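In: Okay, sequence plus prediction incoming.
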Amino acid sequence: KILFFDPVLSVNNKRACASCHQPAKAFTDGLTKSTALDFKGTIRRNAPTLINAALQGSYFYDVRAEFPETQIDHVVFHADEFNTTYEAIIEKLKQSPEYISLFKEAFPDQPGNALNGFTITKSIADYVRSLIAMDSEFDKYMRNEKTTLDENIKDGYNLFMGKAQCGTCHFAPTFYGTVPPDFTESETEVLGVPSTKDTLHTTIDNDKGRYDIQNVPVYEFAFKTQTVRNIQLTAPYMHNGVYTTLEEIMDFYNRGGAAGLNIELEFQTLPPDKLNLSKIEIADIISFMQSLTDTTGTTSIPAMLPSFPNNPELTKRKIGGEY
């Protein structure tokens, strides 16, 4: 947890995991695309929530990482994110007696070399795995811990699982695209997400997603299905952050995705037919998704970071970094 909030991991000591994954925003950052390390550009995609992220089968929108540990590797090395190496991180952490002590305590089986690349990634990954929150209003009702639920939420759930077909990609109970019954594989879908909100002169976003990793034609414009849990807190939406409201998201799906916006995609996996949802039905689905909001036990931050007695510049760094 301390490492997650510590910008010492980045080359300029200004960027932490928590910079782009802020607890108050369900571990997103509220931006269309996250700010790059140099504060001049942006990272390629929108920052996804980390709450319940451990319940996925793959990481990143293009599913290029199988475990949280390998996801962390990509962030450490990426020029727009931490832009560093584990060797450089370790050299800095070794300057802090507090960090040395914390690592020895956490990894007693490695007393001679408790501070290494493995223990760094293991620590952060296990913190991410701890970010589980399944205690929303809807969850309590389903567990019979709550005896009443607004009718519009019930109607929204039935529409989500039925007429609107949301549940064919967002599988209960995680509402990720993590496929039951084993929940070990994260699905990707070709939706045809546009580059802008313009519905009259629509062009597809030029990010080709999973295709850039695997170079298989059916994966062109394929992206991992994110969860709708905490969606009330995680705007803007889609891999490129093109939509800022849930109403805009619902309009996109109601039209039939790319096909409904006159974008022709050979391998669109979303059914191209219009859903013909009424305004009331859309509002009910949104009410249901909002009922999945829960960040209980995930939002606390460290009171302070470990000190670096012989390095005043590092000691002055900010919890969560500068963003």
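Out: The structure has been received and is ready for your questions.
In: hang on, residue 4 is in a strand, isn't it?
Out: No: assessed with DSSP: H, G, I helix; E, B strand; the rest coil, residue 4 is coil; it does not lie in a strand.
In: correct me, but it touches residue 22?
Out: No: when contacts are counted by Cβ atoms under 8 Å, residue 4 is not listed as touching residue 22 (11.1 Å). The C-beta positions use only the backbone N, C-alpha and C, and glycine is treated the same way.
In: Look at these two and report which has more neighbours.
Out: residue 4 (23 against 18; other Cβ atoms under 10 Å).
In: list the contacts for the nearest residue to that one once chain neighbours are set aside?
Out: If you skip the residues right next to it in sequence, residue 4 has residue 17 as its closest partner in space, 4.5 Å away by Cβ to Cβ, 6 or more residues apart in numbering. Residues near residue 17 by Cβ atoms under 8 Å, 6 or more residues apart in numbering: 3-5, 9, 75, 124.
In: of all those, which two lie farthest apart?
Out: For these, the maximum inter-member distance is 14.3 Å, found between 5 and 75 (Cβ to Cβ).
In: and the nearest residue to residue 236 once chain neighbours are set aside, how many residues sit next to it?
Out: Distances taken as Cβ to Cβ, 6+ apart place residue 244 nearest to residue 236, at 4.7 Å, with adjacent residues excluded. Using other Cβ under 10 Å, residue 244 is surrounded by 13 other residues.
In: From what I see, residue 244 and residue 234 are in contact.
Out: No: contact between residue 244 and residue 234 fails when scored by Cβ under 8 Å: they sit 11.3 Å apart.
In: Poorly predicted segments of the stretch 101-250 of the chain, please.
Out: 111 (pLDDT under 70).
In: could you pull out the strands for it?
Out: 188-190, 222-224 (DSSP state E, counting those that start in this stretch).
In: Wait, residue 115 touches residue 100, no?
Out: Yes: the pair formed by residue 115 and residue 100 meets the contact definition of Cβ under 8 Å, at 6.3 Å.
In: Overlap in contacts, those two.
Out: With Cβ under 8 Å, 6+ apart, residue 115 and residue 100 have common neighbours 93-94.
In: higher neighbour count, those two?
Out: Ranked by neighbour count (other Cβ under 10 Å), residue 115 and residue 100 place residue 115 first, with 20 against 15.
In: measure that one to residue 167 for me?
Out: 45 Å (Cβ to Cβ, to the nearest Å).
In: Now do the buried residues in stretch 139-152.
Out: Using 16 or more other Cβ atoms under 10 Å as the test for burial, stretch 139-152 gives 139-141, 149, 152.
In: same question but for stretch 23-43, I mixed them up
Out: In stretch 23-43, counting by 16+ other Cβ under 10 Å, buried: 23, 25-29, 31-37, 43.
In: distance of residue 77 from residue 9?
Out: 12 Å.
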